[in-house]
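A.B. asks: Just the structure for this:
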Amino acid sequence: MGGGLENTDEAFMPAQGVQLGPLFQMFHPHLTDLTHSTGCKCDVHGNNIDQNVPPPPQTEASPTNWTPYESRVAFEAAEFLYMRNQMSAGQIDTLLDLWAATLIKHQDSPPFTGHQDLYETIDSTPLGDLTWETFSMSYNGVKPADNVPPWMTAKYDVWFHDLCLLVHHMLSNPDFATETEYDKCCYKNFFSGDWAWKQADIIVEDPETHGSTFVSVATGHTEYHPLYLLIGNIFNGVRRAHRNGVVLVGFLAIPKSTKEHLEDKDFRNFRRQMFHSSLTKIFDSMKPNMTVPDVVRCPDSHFRHVIYGLGPYIADYPEQLVLSGVVQNWCPKYVFFCLFIDLHSRWPSLLRCREHTDLLVQELEHAHLWYEYGIVQEVVPFTNDFPRADIHELLSPDLLHQIIKGTFKDHLVDWVEEYFAAEIMDDIDRRYSNKIAAVAPFAGLQCFPEGHGFKQWTGDDSKALMKVYLPAIKGHIPWDVVRAFSAFLDFCYIVRRDTITEDDLIQLQDALNRFHQYHKIFKTTGVVLGFSFPHQHSLNHYSLMIRLYWRPKRPLFINNGYRSNKYKALGQMLLTNQRLDKIAAALRNPDIIDGPTVQAHVELAATPVLGGARDVSALAPPDFDPVTAPAFMGRVSVFSSAAASFYAPSDLSVQPGGMRCEHIRSNNLMVRGMNNEVNCGLDGLAIARVLHFLSFKYRKYLQCAVVHWFAYITDSRDPDTGMYLVAPSSNDDGTPDISIIHIDCIFRAAHLVPLYGANFLPREIGPHDSYNVFRAFYVNKYADHHSFEVA
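C.D. replies: A predicted model of the protein is given here:
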């Protein structure tokens, strides 16, 4: 439900005892329009206008105008060759020559004569034309009289886009019209956090900013130092699914030196401070409009006054140290030395802040700052040059590198490996880690014919391993290890929810408490001496970060699009990136599944199986007694698969509207409880295995599925894994419990993981044997984020 303000300068607050439900909205009284809960509209010159007038038209080309491409086919060919296929220049020439040979008899020619013609056409595209700017930096401190290190004389080039123009392009994107917040505070998406509301309170201290929209700018970079930017106003799902939700700002220079100077104090300080000075220069164009409103066209085509502000910086632990000027093994958010206190102990509650750090630097000596507070005196954070910006507050954990790769793979999985003998680890490797042969196929899980060592897993493999690891280790290890993994996985999946309520935060803290309780088994068994690890320590920050920033997500950076032969590599990367931007700006979106129009919908495949069963008798199992079934002599069409569309806003693969589509073959399903004989533990959802999809006409056209029901073994979850256990259901006479259900009863696919027990797994068992060989299964709630919410 929503709340608004009328003729009052006070923010809406619920009266005592009034229940608003789990989700509600509050609108800031000065930075939002009082009637429409959006930033006040104005004209292109910033003059206030009637808030009910329609927006000025967008100056867009007609749908049939593909300039500078000669036709839609020409554009789609360019998009396929350069963006999707990323074909080399030589291969483009070969393909176009073959294409031209087929058109000679028609006296026609392909849209491009060669790769150079293709590149020139892309370069002439008028859209997405943001030029690259550059500046140089060098060391300006005291240099030695003799043997000057090379890094002191070198010049370092930094390439970047003008941030104001870049943000203008993002805010004017009409694709974001229904996916943007104009500074409303609801308990969802980035602007639901306390930090955005607090920033609004500070901004409105200047009456000239009243009626403006607050736009936060979040950043992050990888080890190669490209700098990315996203605006906090667009919804979380848009950042994940839309090509322009995250943009490349520039490339930061990485100072290098000879081995003898790598540990030199001056070089290390220069490298740190050059990083901050580069960021200061890049963000400088936005600084005036952090206090004075800018006039910007918004996604709904209206102009509004906009105030900019630096938002959370998403970084892993090493990056956080560079950004905050904090010493290794110290916490960048709390005055806390990670190596002295275990995670489950209470640490000092003193939060770092800009004012406190500045005071300490002013009053204390270098050694005192370093050893007592973990502060690098020589580093001045770039946020000190901008209003309302505190780097200690803005730092946000990186879920992938700090939690999934850091805590899960590098700590917990390695500890289990050290705990076991080699032959047991070989069995676990054979059974799972998403490359293990015995796991049944499922959407998003890749099956491999052979096992693979854990240490060779990439970041994506680590995320996949989390989905299937827990059942593989149960039966070989103490219960506390399984429960520690279960608590940790619960924590990771809760923080990835699209919407988090106060109840979810309580569950999050409970999962963290359980993890701290049960992971002590690794210490008591001698696997580790303690738990003072910065990556694990960051788990304690998540509850605060969610309250402040909702849940900033690290965007998915795609670096494999850069073509380079190492000759002037950066120039080639910039040119490639600019061409990709032009194609993306001109690309018209394909059909998008908007949502949530329905909670779930299933459709059969477009064509039936060729040569499949055509009547009921051909579908019947060997022990089928036709006397017990209704007579039906009509024609039956059998299908190999169906497509399920369902609302899953927490999943990474969804479209901007929150809808996800997956293909279902003959595997297991979550079915709305239609069988009274089967208990439904998952909030009314029963589990069934599809034997056939079929359609037939009986009074009307029916689309159905033949299913074998599964029964819940217990009414509650397994206490160790937190997952339900199911087994194939049978009738009183021992025959399988099989039914025909309408496909409207199907909710989505379910992933079942066998209950392996303590016995070793024979190597002959493959992924397609899993559902036939085993007799009991876990309902895998970690298969994806939507499964975690419903299972």
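A.B. asks: Can you tell me, leaving aside adjacent residues, what's nearest to Asp494?
C.D. replies: Small correction: residue 494 is Ile, not Asp. Leu508 (4.8 Å; C-beta to C-beta, 6 or more residues apart in numbering). (Glycine included, C-beta is placed from N, CA and C.)
A.B. asks: neighbouring contacts of whatever helix or strand that neighbour lives in?
C.D. replies: Using DSSP states H and E, Leu508 sits within helix 502-518. When contacts are defined by C-beta atoms under 8 Å, 6 or more residues apart in numbering, helix 502-518 is touched by residues 22, 343-344, 480-481, 483-484, 486-488, 490-491, 494-495, 497, 500, 539-540, 542-543, 546-547.
A.B. asks: go on, stretch 268-282?
C.D. replies: Here stretch 268-282 makes contact (C-beta under 8 Å, 6+ apart) with 135, 137, 139, 141, 151, 156, 158, 160, 163, 219, 227, 249-250, 252-253, 255, 322-323, 325, 376, 378-382, 385.
A.B. asks: could you flag which of the residues you listed are buried?
C.D. replies: 137, 139, 151, 156, 158, 160, 163, 219, 227, 249-250, 252-253, 255, 322-323, 325, 376, 379-382, 385 (16 or more other C-beta atoms under 10 Å).
A.B. asks: Could you tell me which of the contacts of helix 502-518 count as buried?
C.D. replies: 343, 480-481, 483-484, 486-488, 490-491, 494-495, 497, 500, 539-540, 542-543, 546.
A.B. asks: hmm, back to that, show only the entries of the contacts of stretch 268-282 found in helices.
C.D. replies: Residues of the contacts of stretch 268-282 located in helices (DSSP state H): Trp151, Leu163, Val322, Leu323.
A.B. asks: Now the two most distant members of the residues you listed.
C.D. replies: Trp151 and Leu163 (28.1 Å; C-beta to C-beta).
A.B. asks: Neighbours of the residue nearest to Gln328 when sequence neighbours are not counted, how many?
C.D. replies: Closest residue to Gln328 apart from its sequence neighbours, by C-beta to C-beta, 6+ apart: Leu321 at 6.3 Å. Taking other C-beta atoms under 10 Å as the criterion, the count of residues near Leu321 is 23.
A.B. asks: same deal with Ile314?
C.D. replies: By the measure other C-beta under 10 Å, the count of residues near Ile314 is 26.
A.B. asks: Could you say whether it sits in a helix, a strand or coil?
C.D. replies: Three-state call for Ile314 (DSSP: H, G, I helix; E, B strand; the rest coil): strand.
A.B. asks: ok, it touching Leu400?
C.D. replies: No - counting by C-beta atoms under 8 Å, Leu400 is not a contact partner of Ile314; they are 9.8 Å apart.
A.B. asks: Next, His45: secondary structure please.
C.D. replies: Secondary structure state of His45, per three-state DSSP, is coil.
A.B. asks: Regarding the nearest residue to it once chain neighbours are set aside, what is its secondary structure?
C.D. replies: In this structure, His45 finds its nearest non-sequential neighbour in Val295, 7.1 Å apart by C-beta to C-beta, 6+ apart. Using three-state DSSP, the structure places Val295 in strand.
A.B. asks: if I pick Val295, what's in contact with it?
C.D. replies: Val295 is in contact with Cys42, Val44, His45, Gly46, Phe303, Arg304, His305, Val306, counting by C-beta under 8 Å, 6+ apart.
A.B. asks: ok, the ones in helices among the contacts of stretch 268-282 vs Ser637, which is closest?
C.D. replies: Ranked by distance to Ser637 (C-beta to C-beta), these are led by Leu163 at 57.5 Å.
A.B. asks: Spell out which residues sit in contact with the closest one, please.
C.D. replies: Val217, Leu229, Val249, Ile282, Phe283, Ser285, Met286.
A.B. asks: Could you point out which of those residues is nearest to Gly90?
C.D. replies: Distances from Gly90 to those, taken by C-beta to C-beta, are shortest for Val249, at 32.4 Å.
A.B. asks: Look up how far Leu230 lies from that closest one.
C.D. replies: Noted for Val249: a distance of 10 Å to Leu230, by C-beta to C-beta, to the nearest Å.
A.B. asks: Run through the strands of the stretch 251-400 of the chain in chain order.
C.D. replies: For the stretch 251-400 of the chain, the strands defined by DSSP state E, counting those that start in this stretch cover 294-297, 303-315, 395-397.
A.B. asks: Could you confirm Ala644 falls within a strand?
C.D. replies: Yes - using three-state DSSP, the assignment for Ala644 is a strand.
A.B. asks: So in terms of bridging, what pairs with it?
C.D. replies: On the basis of DSSP bridges, Ala644 is bridged to Val602, Glu662.
A.B. asks: So for it, what pLDDT did the model give?
C.D. replies: At Ala644, the model reports a pLDDT of 80.
A.B. asks: ditto for Tyr224
C.D. replies: Tyr224 is given a pLDDT of 54.
A.B. asks: right, and Asp490 touches Thr721 too?
C.D. replies: No - the criterion here is C-beta under 8 Å, and Asp490 misses it with Thr721 at 10.5 Å.
A.B. asks: so what's in contact with those two at the same time?
C.D. replies: Counting by C-beta under 8 Å, 6+ apart, nothing touches both Asp490 and Thr721.
A.B. asks: shaky segments in the stretch 251-400 of the chain?
C.D. replies: Residue ranges of the stretch 251-400 of the chain with pLDDT under 70: 338-349.
A.B. asks: Roughly how far does Arg272 sit from Cys331?
C.D. replies: As for Arg272, its distance to Cys331 is 18 Å (criterion: C-beta to C-beta).
A.B. asks: higher neighbour count, those two?
C.D. replies: Comparing Arg272 with Cys331 by other C-beta under 10 Å, the one with more neighbours is Cys331, at 25 against 20.
A.B. asks: So that one is in contact with His537, correct?
C.D. replies: Yes - Cys331 is within contact range of His537, at 6.3 Å (criterion: C-beta under 8 Å).
A.B. asks: tally of neighbours for Gly444?
C.D. replies: Per other C-beta under 10 Å, the neighbour tally for Gly444 reads 15.
A.B. asks: What are the buried residues along stretch 740-750?
C.D. replies: Buried residues in stretch 740-750, counted by 16+ other C-beta under 10 Å: Ile740, Ile741, Ile743, Cys745, Ile746, Phe747, Arg748, Ala749, Ala750.
A.B. asks: Could you dump those residues into CSV with pLDDT and secondary structure added?
C.D. replies: Output for the buried residues of stretch 740-750, formatted as CSV (pLDDT from 0 to 100; DSSP: H, G, I helix; E, B strand; the rest coil):
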residue, pLDDT, secondary structure
Ile740, 87, strand
Ile741, 89, strand
Ile743, 87, helix
Cys745, 86, helix
Ile746, 85, strand
Phe747, 84, strand
Arg748, 84, strand
Ala749, 84, strand
Ala750, 86, coil
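A.B. asks: Between the ones in helices among the contacts of stretch 268-282, which sits nearest Glu355?
C.D. replies: Nearest member of the ones in helices among the contacts of stretch 268-282 to Glu355, counting by C-beta to C-beta, is Leu323, at 17.5 Å.
A.B. asks: The closest one touches Ile391, doesn't it?
C.D. replies: Yes - proximity of Leu323 to Ile391 meets the contact threshold set by C-beta under 8 Å, at 5.6 Å.
A.B. asks: Mind listing the shared neighbours of those two?
C.D. replies: Tyr313, Pro381.
A.B. asks: And Ser637, its phi and psi?
C.D. replies: Note on Ser637: its backbone torsions stand at phi -110, psi 130 [degrees, to the nearest 10].
A.B. asks: Cross the buried ones among the contacts of helix 502-518 against helices and list the overlap.
C.D. replies: 480-481, 483-484, 486-488, 490-491, 494-495, 542-543, 546.
A.B. asks: tell me which of those is nearest to Leu350?
C.D. replies: Ser543 (17.4 Å).
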